[in-house]
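1. need a structure here:
(chains A and B)
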Amino acid sequence: MNAPASVGAALEGPAVRFEGVGLRYGAARILEGIDLRAEPGRIHAIVGPNGGGKSSLLRCLMGQAPFSGTIALDWPAAPGRIGYVPQVVEFDRNLPLTVTDFLICFMARRPAFLRPRAAVRDRIALLLDRVGLAGKARRRMGDLSGGERQRVLLAQALDDGHGREPDLMVLDEPMAALDAVGAQVFETILNGLRDRGATLIWVEHDLAAVRRLADRVSAIDGQLLFQGAPQAELTPDRVLALFSHRRAQP
Amino acid sequence: MSFETLRHSVQALAEAGWLPAALAWGFAVNALLAGVIAGPLLGALGALVVIKRHAFFSEAVGHAALTGVAIGILAGEPYSGPYGALFGYCLIFGIALNYLRNRTGLSADTLIGVFLSMSLAMGAAILLVLAGRINVHILENVLFGSILTVSGRDIAVLAAVALPVAVLIVVFFNRLVGASFNPMLARARGIDAATLDYLFVVMVTLVTVAGVKIIGAVLVGALLVIPAAAARILARSLAGYVTLSVAISSLATLAGIFLPMQFDLPVPSGPAVILIAGIIFLICAALRGVKGASA
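-> Model (predicted):
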């Protein structure tokens, strides 16, 4: 089994600019005046309390919410590939859907109910090996632990369907269900993508992981509260204020 | 080989004793041919219906067919196959339901409850108007299916629906399944989930309407669900699931058409098909129970 040629190749992440981004659902203001910039070759973490609008900001980025303001992706050349790791996927836990079936749904056009081509099988084996799930290709998705399922979601984001890795990786609290080994796998892969030039936007609750991994952090609670280097910005006082103080509506 | 030639060949083989005697009748060959087309199609699409949790929707479209038939007859279409109104009304029903589900944020089962009630009320009102003009018992064929009334035109309609829908299932299967997991993930993977939702609604509607003549409006939705539900119990992968669903649906459809003819049972084809599918479902559930108990 050979790795696709693109694995390990340089990536061309975009600069992602959020300028004055706001979001309302009816009368409720979810986000207001968010200005931040994620750079290529950097991991940009977004932290904040539950309901603070972190995932909503990702929804805006992915075109799933009608925001005001500007979100621009400045690609160095042609638009590249976007990988997305959701927090959860919804499916019937008793569905006869194997890990391979799940990945094929996103990686191949040939219907998942037919035997996949050898090249696709090889790519899936490689992806599962990268996320530490070698040998689990035939396991049912519903039988996996939460952490294993999260690693499958990471695996799908690492292949655009043609064996190419993402230039922009968007992650929505991917570490929520991970054990120490799973977290290590994530960290290794995220660091690898960053080192090869990808842009990573990462919504996360685990502040220790953010301090370890992120190059820059933005704290959001309806509006941008502070941003900068995690080690400098995530001081105990600020963290306490961020998570214990409920904001007024922006 | 034309359809007429095929039918005469089958009849000749039956008369010569090579095939069951029931197939010496032209209508029986028509019905069986319709079953050969409808069975696998309903099984394959049903697999997607269960994955996408659209079981209640397919039931609703089947019931809406009754109103479609009533409108067609009121508009002067032939009693034996008012396809214009059937397809037209059911497509409007399905597309409007999906549109409002996207716009109102109401859950699918709530909207289906609203739409189904309105549709049945309208159908009942039109049938009362028609009661003075036609023998309403003709509608029993539409409600429960009848192999006696399957014509060459019905088979042509079924085939015209089956071919493109089968191609769409193959082409869009992965994207239809992928879109059901997470809307943002679908978007990131370049899957247009909203458009695919409409496509799927249209596919289910077309197949449901095309199957009304054999299975009946009341029960056709069930044949989209029961084989797939049975397959889901036993299968270990999507390949096994779809294969089993197609096999069970085909077996139930063909047996439901053939057995009442062969043994001269006074059971309409629709209920026979659904009862056989239901028995297979119960067997699958029992097998799973045995497997689970011994595990």
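2. Next to chain A, which bits of the stretch 151-295 of chain B? Give me the list.
-> With C-beta under 8 Å from any C-beta of the partner chain as the criterion, the stretch 151-295 of chain B meets chain A at residues B:169-171, B:173-175, B:177-178, B:180-185, B:187-189, B:232, B:235-243. The C-beta positions use only the backbone N, C-alpha and C, and glycine is treated the same way.
3. Filter those down to the buried ones.
-> Those of those that meet the buried threshold are B:169, B:173-175, B:177-178, B:180-185, B:187-189, B:232, B:235, B:237-243, by 16 or more other C-beta atoms under 10 Å in any protein chain shown.
4. what are the ranges of the helices in chain A?
-> With DSSP state H, the ranges of helices along chain A come out as A:54-61, A:99-107, A:118-130, A:146-157, A:180-195, A:207-213, A:230-233, A:236-244.
5. Then chain B?
-> Under DSSP H, chain B gives helices at B:3-15, B:26-51, B:55-74, B:83-104, B:108-131, B:139-144, B:152-179, B:183-188, B:193-215, B:220-234, B:238-262, B:269-294.
6. okay, and for the stretch 1-150 of chain B, where does confidence drop off?
-> Within the stretch 1-150 of chain B, the ranges that satisfy pLDDT under 70 run B:1, B:136-137.
7. Need the helices of chain A in JSON lines (columns: distance to chain B).
-> Below are the helices of chain A laid out as JSON lines (distance: least, C-beta to the nearest C-beta, whole Å):
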{"stretch": "helix A:54-61", "distance to chain B": "7"}
{"stretch": "helix A:99-107", "distance to chain B": "4"}
{"stretch": "helix A:118-130", "distance to chain B": "11"}
{"stretch": "helix A:146-157", "distance to chain B": "8"}
{"stretch": "helix A:180-195", "distance to chain B": "15"}
{"stretch": "helix A:207-213", "distance to chain B": "21"}
{"stretch": "helix A:230-233", "distance to chain B": "25"}
{"stretch": "helix A:236-244", "distance to chain B": "25"}
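8. would a markdown table of those with mean neighbour count be doable?
-> Output for the helices of chain A, formatted as a markdown table (neighbours: other C-beta atoms under 10 Å in any protein chain shown):
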| stretch | mean neighbour count |
| --- | --- |
| helix A:54-61 | 23 |
| helix A:99-107 | 25 |
| helix A:118-130 | 18 |
| helix A:146-157 | 23 |
| helix A:180-195 | 17 |
| helix A:207-213 | 17 |
| helix A:230-233 | 15 |
| helix A:236-244 | 12 |
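9. in chain A, which residue is closest to the centre?
-> Residue closest to the average C-alpha location in chain A (C-alpha atoms, centre = their mean): A:Leu171, at 1.3 Å.
10. Spit out the contact partners of it.
-> A:Tyr84, A:Val85, A:Ala157, A:Leu190, A:Leu200, A:Ile201, A:Trp202, A:Val203, A:Glu204 (C-beta atoms under 8 Å, 6 or more residues apart in numbering or on different chains).
11. now swap in A:Glu12 and tell me
-> Contacts of A:Glu12 by C-beta under 8 Å, 6+ apart are A:Pro40, A:Trp75, A:Pro76, A:Ala77, A:Gly80, A:Asp167, A:Gly197.
12. again, only using 7 Å
-> If you count contacts by C-beta atoms under 7 Å, 6 or more residues apart in numbering or on different chains, A:Glu12 has them with A:Trp75, A:Pro76, A:Ala77, A:Gly80, A:Asp167, A:Gly197.
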